[in-house]
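J.: I'd like to go over a predicted model; first the sequence, then the structure.
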Amino acid sequence: EEEEGASGMRSTNLASPDPITAPYLKPSHLGTPPCPPLQEAIARIKKWVESRIPDKHIKDPTCVVDVSEIVCGDPECAPIDTAVRIIYEGKAEGPVGTAFAFPCQAVELTREALDERMPPGSTFED
């Protein structure tokens, strides 16, 4: 089975043989589905990351910012990490970028914690 992740890409759902269904998919009385807390947190973090990257990079379709939660089964790790990836696809040498994670759920991540781990502005080429 496949399920759609935060990046919009499809990935195999190994945890469940059944399709994922949730009540939040039903339209509200206003005709728009409410956004669950995880999706809101991921959208907020993605916006924070994109605000630290020069506009010309964000407008470039080869620049991809992905935020997702990763479940870790190692008892030495946090049970859920929030991962941030900044990837430039379509480069001659293949995809390039950076990734970093936080030992917390996306809803718990603060902008201050993100700012401490973000690459400095000078990292992004002109």
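T.: Yep, it's here. Computed from a predicted structure; not experimentally measured.
J.: alpha carbons only for contacts and neighbour counts from here, please
T.: Will do.
J.: The residue positioned nearest the centre of the chain pairs with what?
T.: Centroid-nearest residue in the chain: Val67, 1.0 Å away (criterion: CA atoms, centre = their mean). Beta bridges link Val67 to Val84, judged by DSSP bridges.
J.: measure it to Pro79 for me?
T.: Counting by CA to CA, to the nearest Å, the separation of Val67 from Pro79 is 17 Å.
J.: List of residues touching the helix or strand containing Ile86?
T.: Assigned by DSSP states H and E, Ile86 belongs to strand 80-88. With contact meaning CA atoms under 8 Å, 6 or more residues apart in numbering, strand 80-88 is reached by 62-72, 95-106, 109.
J.: Just the ones of those in strands?
T.: 63-71, 96-102 (DSSP state E).
J.: Just the C-alphas of stretch 116-126, formatted as PDB.
T.: What follows is stretch 116-126, C-alpha atoms only, in PDB (Å, rounded to 0.1, in the frame of the first residue of the first chain):
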ATOM      1  CA  GLU A 116      19.500  27.300  15.300                       C
ATOM      2  CA  ARG A 117      19.800  24.400  12.900                       C
ATOM      3  CA  MET A 118      19.200  26.200   9.500                       C
ATOM      4  CA  PRO A 119      22.100  26.600   7.200                       C
ATOM      5  CA  PRO A 120      23.400  30.200   7.200                       C
ATOM      6  CA  GLY A 121      22.200  32.500   4.300                       C
ATOM      7  CA  SER A 122      25.700  32.500   2.800                       C
ATOM      8  CA  THR A 123      25.300  28.700   2.100                       C
ATOM      9  CA  PHE A 124      22.800  29.500  -0.700                       C
ATOM     10  CA  GLU A 125      24.500  30.300  -4.000                       C
ATOM     11  CA  ASP A 126      23.500  33.300  -6.000                       C
END
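J.: list the buried ones in it?
T.: 118-119 (16 or more other CA atoms under 10 Å).
J.: That stretch - what's its average pLDDT?
T.: Per-residue pLDDT over stretch 116-126 has a mean of 82.
J.: For Pro120, grab phi and psi.
T.: Backbone torsions for Pro120, taken as degrees, to the nearest 10, come to phi -60, psi 150.
J.: ok, it to Leu114 distance?
T.: 12 Å.
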